[in-house]
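Enquirer: Need the 3D shape of this:
(2 chains)
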Amino acid sequence: MVSLRRGAGQLFETERRLNAVLNNASVSIFLIDDRQHCIYMNRAAEQLTGWTLEEVLARDCPLHDIVHHTYPDGRPFPLDECAIDRAFPENNQERGEEVFVHRDGHFYPVGFTASPIRDDATNIIGTIIEVRDISEEKAAAERQRLLINELNHRVKNTLATVQSIAAQTFRGPPDPAARGVFDARMAALSTAHNVLVEDNWESASLRSVIERALAPHLLAEVDLNRFQLQGPDARLHPKVAVTLAMALHELMTNAAKYGALAVPDGQVILTWALRDLDDGRQQLNLRWEECGGPAVTPPARKGFGSRLIERQLPMEFDGSAEITYAPAGVICELQIPLTTLGWVGQETIEGRQAS
Amino acid sequence: MTLLVGRRVLLVEDESLVAMLAEDMLVDLGCEVVVAMRLDKALAQARTGSFDLAVLDVNLGDARSYPIADLLFERRTPFLFATGYGRQGLEEAYKAVPVLQKPYQAAPLEHLLKRLLTGDAQARTGAGGSLMACACHTPAGQPIRADHCR
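Expert: Residues are numbered from 1 along each chain as shown, chains lettered A, B, ... in the order given. Alright, predicted model coming up:
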């Protein structure tokens, strides 16, 4: 008698422990009988499916018809096509991925593990199914795919840009100085990308682009004795940022060689403003003016810098650009309508991050 | 070389620096080049200008160059796509158009432009790549790989 009472007590303890395990598990657990009816589901399974165990028992039908009855495209999903059902009589821990239907009608991707339950004679009398909601993993994989595509696109663009700068720099008869010019252009391109990275390559601060482009090298600040900078900050599309940075680099190189920065007291006054356009975009109006330098004479031939600024930049952004070789100092005026921020796939990524 | 001299080419390429490179290559081949860097400007050029050939970058920032392609089909102007993604990056209806794999290189560019001038005008759909099957060789004896994607 004593041992029987102890046995009943042990059984009660075991059941309490099992319930504690099952109802605190974050994975959903279903017990399925040999007719594919659910005879038990834990609390996580109730939350996952939107159904209570009581309701599922009352339906008296295969679990498939409650949580897996429709394909995501709306077609009915018969039980005999169900991979989880097929896993039923096979081996332990059959794994797979499926898409379930919530009680409220929404679809959600799940990963499942199904194992048979056997009786004393090793006959299969049911299945235990563990199910996890894998929406987050799927969304993360999609984000990663979009980011890799975008990265691939940008890397290819950058390589094409480098190729072009090399071709422009080394065009014409061999010139020993060309190598130095090329290295400085590479540094300017690299610096522009540093500014982009500060905001995940989504946009760049106009002020940072200007300050970094005009700084003598990566570790130095822009020399405020030589440059007067005045204007509001703005967010630039990466394309605008890179082209503007390269344009400023060319203006600065030219000023250092022939203009205001070639003499100790010369200065560059850089002012800019933002204007609202009729179509809702903004336009950047930027003026570069050199003073205190040697008397300016227009160059005999136009090089890479003036071609980039006066011809390419207006075409790329539907704006305008003019360089004036005034005797007192070079003046460059740019009007750039600002491209709307964003890139292909960005909405998907941010929409999902927010949820 | 002489086949391309004096030909009017519409170049559509949305990146300033890359457009400079492609323009120089075309000029070096003897072509007369009109550059457009935005979809609306390119469409206006394709509509009003008269061109012997066109080179279209597929990806124009926030737009694709397919509307220009449609216009060029209508006007029977032979053209090629320039893209870093190869043929599989193209929409189905344009898969028969020759593809110049970016980055731009002078030899494949010249090769494809000549094929466009001497070959049959490309079909809108159909066996993609038939235009590419060419036994033409570079002086060094190496086959030109104008399309690395296949």
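Enquirer: remind me which residues of the chain are low pLDDT?
Expert: Using chain A here. A:1-3, A:86-91, A:342-355 (pLDDT under 70).
Enquirer: try again with chain B
Expert: B:1, B:120-150.
Enquirer: Pull up the residues of it that are close to chain A.
Expert: B:14-21, B:24, B:35-38, B:41, B:59, B:61-62, B:84, B:102-104 (C-beta under 8 Å from any C-beta of the partner chain). For every residue, glycine as well, the C-beta is placed using N, CA and C.
Enquirer: Buried subset of these, written for ChimeraX?
Expert: Buried residues within the residues of chain B next to chain A, by 16 or more other C-beta atoms under 10 Å in any protein chain shown, are selected in ChimeraX with:
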select /B:14,15,16,17,18,19,20,21,24,35,36,37,38,59,61,84,102,103,104
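Enquirer: Could you tell me which of the residues of chain B next to chain A are located in strands?
Expert: Counting by DSSP state E, the residues of chain B next to chain A place B:35-36, B:59 in strands.
Enquirer: A:Pro216 versus A:Val195, what's the distance?
Expert: Look at A:Val195 and A:Pro216: by C-beta to C-beta, to the nearest Å, they are 16 Å apart.
Enquirer: Between those two, which has more neighbouring residues?
Expert: Neighbour comparison, A:Val195 and A:Pro216: the larger count goes to A:Val195, with 25 against 13 (by other C-beta atoms under 10 Å in any protein chain shown).
Enquirer: Out of the ones in strands among the residues of chain B next to chain A, which comes closest to A:Pro299?
Expert: Closest to A:Pro299 out of those is B:Val35 (22.4 Å), distances taken as C-beta to C-beta.
Enquirer: now the helices: where do they sit in the chain?
Expert: No chain in the question, so chain A it is. Secondary structure of chain A by DSSP state H: the helices cover A:2-24, A:43-49, A:53-59, A:64-67, A:83-87, A:135-169, A:178-197, A:206-214, A:238-258, A:304-306, A:313-317, A:346-354.
Enquirer: ah, no, chain B please
Expert: Remark: helices assigned in chain B by DSSP H are B:16-28, B:39-48, B:66-75, B:106-118.
Enquirer: Report the buried residues of the third one.
Expert: To tie it back to what came earlier, the one meant is helix B:66-75. Neighbour-count burial for helix B:66-75 [16+ other C-beta under 10 Å]: B:66, B:68-69, B:71-73.
Enquirer: Also the second one?
Expert: Residues of helix B:39-48 classed as buried by neighbour count (16+ other C-beta under 10 Å): B:39, B:42-43, B:45-46.
Enquirer: So what's the residue count around A:Leu219?
Expert: 6.
Enquirer: Against A:Gly7, how distant is it?
Expert: The value you get for A:Leu219 to A:Gly7, if C-beta to C-beta is used, is 79 Å.
Enquirer: that older thread, can you add distance to A:Arg226 and give the ones in strands among the residues of chain B next to chain A back as CSV?
Expert: Converted to CSV, these look like this (distance: C-beta to C-beta, whole Å):
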residue, distance to A:Arg226
B:Val35, 35
B:Ala36, 38
B:Asn59, 39
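Enquirer: Spatially nearest residue to the residue positioned nearest the centre of chain B, not counting backbone neighbours?
Expert: Geometric centre of chain B, nearest residue: B:Leu80, 2.6 Å, by C-alpha atoms, centre = their mean. With C-beta to C-beta, 6 or more residues apart in numbering or on different chains as the criterion, B:Leu80 has its nearest non-adjacent residue at 4.4 Å, and that residue is B:Pro98.
Enquirer: So what touches the longest strand belonging to chain A?
Expert: In terms of residue count, the longest strand belonging to chain A (DSSP E) is strand A:107-118. The set of residues external to strand A:107-118 that reach it, using C-beta atoms under 8 Å, 6 or more residues apart in numbering or on different chains, is A:31, A:48, A:72, A:84, A:87-102, A:124-135, A:138.
Enquirer: now, which of those residues lie within strands?
Expert: If you go by DSSP E, the contacts of strand A:107-118 have A:31, A:94-101, A:124-133 in strands.
Enquirer: tell me the contacts of residue 37?
Expert: With no chain named, the answer covers chain A. A:60-63 are the contacts of A:His37 under C-beta under 8 Å, 6+ apart.
Enquirer: Switch to chain B, please.
Expert: A:312, A:315-316, B:12-16, B:19, B:60.
Enquirer: Can you tell me which of those residues is nearest A:Cys38?
Expert: Using C-beta to C-beta, the contacts of B:Met37 come closest to A:Cys38 at B:Leu60, 54.7 Å.
Enquirer: Around that closest one, how many other residues sit close by?
Expert: Counted with other C-beta under 10 Å, B:Leu60 comes out at 20.
Enquirer: And for A:Ala177?
Expert: By other C-beta under 10 Å, neighbour count at A:Ala177 equals 8.
Enquirer: separation between it and A:Phe170?
Expert: In terms of C-beta to C-beta, A:Ala177 sits 11 Å off from A:Phe170.
Enquirer: Then A:Arg185?
Expert: 11 Å.
Enquirer: who has more neighbours, those two?
Expert: A:Arg185 (23 against 14).
Enquirer: For whichever residue of the stretch 201-350 of chain A sits closest to chain B, list the residues it contacts.
Expert: Nearest to chain B, among the residues of the stretch 201-350 of chain A, is A:Gln312, at 3.6 Å (C-beta to the nearest C-beta). Residues counted as contacts of A:Gln312 (C-beta under 8 Å, 6+ apart) are A:243, B:16-17, B:19-20, B:37.
Enquirer: picking up where we left off before, wait, which of the helices of chain B is closest to A:Glu13?
Expert: Going by C-beta to C-beta, the one of the helices of chain B nearest A:Glu13 is helix B:66-75, 71.0 Å.
Enquirer: what's the offset of the closest one from the middle of its chain?
Expert: 12 Å (C-alpha atoms, centre = their mean, to the nearest Å).
Enquirer: That one vs helix B:39-48, what angle?
Expert: Our comparison of helix B:66-75 with helix B:39-48, counting by axes from the mean of the first three to the mean of the last three C-alpha atoms, to 10 degrees, yields an angle of 0 degrees.
Enquirer: Look at A:Gln221 and say how many residues are nearby.
Expert: Careful, residue A:221 is Glu and not Gln. For A:Glu221, the neighbour count with other C-beta under 10 Å is 10.
Enquirer: same question, A:Ile66
Expert: 19.
Enquirer: Grab the nearest non-local neighbour of B:Asp28.
Expert: Nearest non-adjacent residue to B:Asp28 (C-beta to C-beta, 6+ apart): B:Ala106, at 6.9 Å.
Enquirer: Please report how far A:Thr340 lies from A:Ala247.
Expert: 21 Å.
Enquirer: Tell me which of those two has more neighbours.
Expert: A:Ala247 (26 against 11).
Enquirer: Which residue, other than its chain neighbours, is closest to the more buried one?
Expert: That would be A:Ile309: by C-beta to C-beta, 6+ apart, it lies 4.9 Å from A:Ala247.
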